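> Could you look at this predicted model? Sequence included:
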Amino acid sequence: MTEITTQLSDRLSRVRLRGLPPRNPAVRAPDRPRPSRSASTAREAPPLVAVAHGSRDPAALGTVTALLDRIRDLRPGLTVRLGHIELNAPLLPDTLAELSGTAVAVPLLLARGQHAGHDIPAALAGAPHLTARLARPLGPHPLLAEALHARLEEAGARRPCAVVLAAAGSRAPESAADTARTARLLSERLGGVPVLPAYATAPPEGGPAGTPLSVPAALRALAARGHHRPALASCFTAPGRFAAQCAAAAPGPAAAPLGDHPALARLVLHRYDQALAARSGCGQDSTGAATVAV
């Protein structure tokens with residue numbers, strides 16, 4: 001009887017169940033793969049709504065789309081949507097109408113001003129079905145200075161004598177402060193090269209003290225100091241009328257808009273993470289280098 005039982009047990013151990021290999025009790029079945037924590041976290045994270053200004057330049061939409069694709073590459077699984085303030089579809093209210101739950105709006109603007117302080121908050125308030133958090137504009141920040149520096153190098157301005165930082169501009173004094181801070185960060189990045197902030201449009205008469213000059217006026221001011229061929233740094237996210245106008249005025253190398261530069265994509269994610277971490281939805285920035293989890 002013992003011999004029969006032994007033979008039967010040996011045969012049963014060799015039986016295949018639906019094509020599965022015979023089970024060896026000495027070998028532990030492999031654990032089922034589990035999704036990584038980062039992938040799970042990305043799936044559960046609120047959508048990032050990138051808020052672009054919009055432009056009549058046909059190249060602008062493609063440039064912003066390329067930036068969003070780079071952001072998706074850096075943070076796989078994160079839902080990234082686009083909404084425009086004006087001129088291009090989709091408009092921000094239309095994008096917000098398609099979302100539910102919570103979302104984080106990140107302005108693709110490089111300084112504070114009317115759009116960041118009024119227009120975007122008004123659009124978010126017009127979507128009561130959504131719990132929306134608003135991030136800070138992208139500038140000023142060392143990552144923005146990194147992207148500006150890289151675009152200058154691409155334009156051939158590796159060691160410029162001076163630089164005009166051309167920005168869209170705003171009547172808001174906060175815009176002037178942010179643009180001036182970005183100019184200082186870029187100057188530090190260039191090893192102390194003079195960087196003069198300037199606006200694409202002439203400042204209004206009687207504007208607040210510290211308002212940047214227009215680009216032509218800034219070029220004249222640098223020429224008076226002996227810098228006749230300064231480089232022009234394009235503090236614009238995408239091509240447009242202002243960016244083209246400023247580049248045409250430059251007597252020296254003119255950098256391209258920031259577009260899908262990797263540092264700008266990292267900065268968008270940094271602002272997104274800041275907004276998520278802050279109770280009010282608008283975190284305080286640090287002047288040090290950013291630590292971005294991508």
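Right, received. Where do you want to start? Numbers count the residues shown, from 1 in each chain.
> Sketch out the low-pLDDT regions of the stretch 101-250 of the chain for me.
Low-confidence segments of the stretch 101-250 of the chain (pLDDT under 70): 202-209.
> rerun that using 90 as the cut-off
Applying pLDDT under 90 to the stretch 101-250 of the chain flags residues 113-118, 169-173, 201-212.
> Which residue ranges of it form strands?
101-107, 130-134, 163-167, 195-199, 213-214, 231-235 (DSSP state E, counting those that start in this stretch).
> would you turn these into JSON lines with mean neighbour count?
The way it works is simple: take the backbone N, C-alpha and C, and place the C-beta from them, glycine included. Shown next, in JSON lines, are the strands of the stretch 101-250 of the chain (neighbours: other Cβ atoms under 10 Å):
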{"stretch": "strand 101-107", "mean neighbour count": "21"}
{"stretch": "strand 130-134", "mean neighbour count": "20"}
{"stretch": "strand 163-167", "mean neighbour count": "30"}
{"stretch": "strand 195-199", "mean neighbour count": "26"}
{"stretch": "strand 213-214", "mean neighbour count": "18"}
{"stretch": "strand 231-235", "mean neighbour count": "29"}
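> now these in TSV, with distance to Ala157?
Formatted as TSV, the strands of the stretch 101-250 of the chain follow (distance: least, Cβ to Cβ, whole Å):
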stretch	distance to Ala157
strand 101-107	28
strand 130-134	35
strand 163-167	7
strand 195-199	12
strand 213-214	20
strand 231-235	4
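> Just the CA atoms of stretch 270-279, as PDB, please.
Provided in PDB are the C-alpha atoms of stretch 270-279 (Å, rounded to 0.1, in the frame of the first residue of the first chain):
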ATOM      1  CA  HIS A 270       7.700  72.700 -10.300                       C
ATOM      2  CA  ARG A 271       4.900  75.300 -10.200                       C
ATOM      3  CA  TYR A 272       2.400  72.500 -10.400                       C
ATOM      4  CA  ASP A 273       4.000  70.700  -7.400                       C
ATOM      5  CA  GLN A 274       4.100  73.900  -5.500                       C
ATOM      6  CA  ALA A 275       0.400  74.600  -6.000                       C
ATOM      7  CA  LEU A 276      -0.400  71.100  -4.800                       C
ATOM      8  CA  ALA A 277       1.700  71.400  -1.700                       C
ATOM      9  CA  ALA A 278       0.300  74.800  -0.600                       C
ATOM     10  CA  ARG A 279      -2.900  74.900   1.300                       C
END
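> which of the residues in that stretch are buried?
His270, Arg271, Tyr272, Asp273, Gln274, Ala275, Leu276 (16 or more other Cβ atoms under 10 Å).
> Out of these, give me the two with the largest separation.
By the measure Cβ to Cβ, the buried residues of stretch 270-279 have their two most distant members at His270 and Leu276, which lie 10.9 Å apart.
> Among the buried residues of stretch 270-279, which ones are in helices?
His270, Arg271, Tyr272, Asp273, Gln274, Ala275, Leu276 (DSSP state H).
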